[in-house]
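Trainee: my questions concern the predicted model and sequence given below.
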Amino acid sequence: MLGHVAKSSLKPNFFVKGSRCISSLLHGSPEAKKAGDIEILQHSRLVARGKYVHGFEVHRAKPDSIDKYKEAAENYYAGIKSDPRLHVKLTGSWETLVGDQDVFVHILEYENYAGYDKTMELIRNSQHVESYRKLLPHINSRSTQLAQEFAFLPTAPPHAQGGIFELRCYQLKPGTLLEWENAWRRGIEARRKFVSPVGAWFSQIGRLHQVHHLWQYPSLDARKETREKAWQIDGWAETVSKTAQLAKEMDSFILAPLPYSPLK
């Protein structure tokens, strides 16, 4: 985001053998993009809600600058969230507790691609750009990815329920998005008896063939109990088996919401 504001010499040379969810967002894949542009366009028309575009902004902060990063991030993200001229909503901001450390995930909601373009232009010509510059000294690497919501699962509105969040990420085999969505949707309908995802998205720009879904639980122990109950539902085991066959990589991260996050 705002890449031309400051040319960063930071290179994302970490996560070489790490988890794919965050590293994929940070690295991207020219091969996947070349192979998947047409498929993503066709499939997204069928499974996307189409109303909004969500931007995933992932930052790896410097370990010795975590507190300074958090302060600068709050100034920037809380600032743009409260500026009505920008027509952008902050879905949430989180810090990784379990998974890749020193990583922060921010999800923003734009009024589709035209809205994204307009918002970016407004930010570049506003006082918020100074707040963004103050983030940069505390970051080792940063990346953005644009994603669409699945049509059957709009993102939850702001709420403060407490607890933890789990971000699950799947790198799908090219050409399997429709099949994956169909299998996962049927399983989710059954699992709603216990818990529903906070949001679910698939990538359109950045790392392609990637799916994210976000869950909220009171605690890790509650997560364990809920997942065990899900296995007792008819069809859930089949859903897991089917979606696993369509995925190349799977990752799970436990996140804690930051104080200014609308979802917490």
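Mentor: Structure received.

Trainee: so after whatever helix or strand residue 79 lives in, what's the next helix or strand?
Mentor: If you go by DSSP states H and E, residue 79 is part of helix 66-81. Per DSSP H and E, the first helix or strand lying C-terminal to helix 66-81 is strand 88-98.

Trainee: what does that next one contact?
Mentor: Identification of contacts with strand 88-98 by Cβ atoms under 8 Å, 6 or more residues apart in numbering yields 22, 54, 70, 73, 77-78, 80-81, 102-110, 115, 119, 155, 164-165, 167, 199, 253-258, 260-264. (C-beta placed from N, C-alpha, C; glycine too.)

Trainee: on the three-state scheme, the closest residue to residue 235 other than its chain neighbours is what?
Mentor: Spatial nearest neighbour of residue 235, chain neighbours left out: residue 190 (5.5 Å); criterion: Cβ to Cβ, 6 or more residues apart in numbering. Put simply, residue 190 is helix when judged by DSSP: H, G, I helix; E, B strand; the rest coil.

Trainee: which residues touch residue 190?
Mentor: Going by Cβ under 8 Å, 6+ apart, the list of residues near residue 190 reads 233-236, 239.

Trainee: counting only helices, which of the residues you listed make the cut?
Mentor: 236, 239 (DSSP state H).

Trainee: out of the contacts of residue 190, which comes closest to residue 126?
Mentor: Taking Cβ to Cβ as the measure, residue 126 lies nearest residue 239 of the contacts of residue 190, at 44.9 Å.

Trainee: pretty sure the closest one contacts residue 187?
Mentor: Yes - under the criterion of Cβ atoms under 8 Å, residue 239 makes contact with residue 187 at 2.8 Å.

Trainee: all helices of the protein, in order?
Mentor: 20-27, 30-47, 66-81, 112-124, 128-135, 177-191, 220-230, 236-246.
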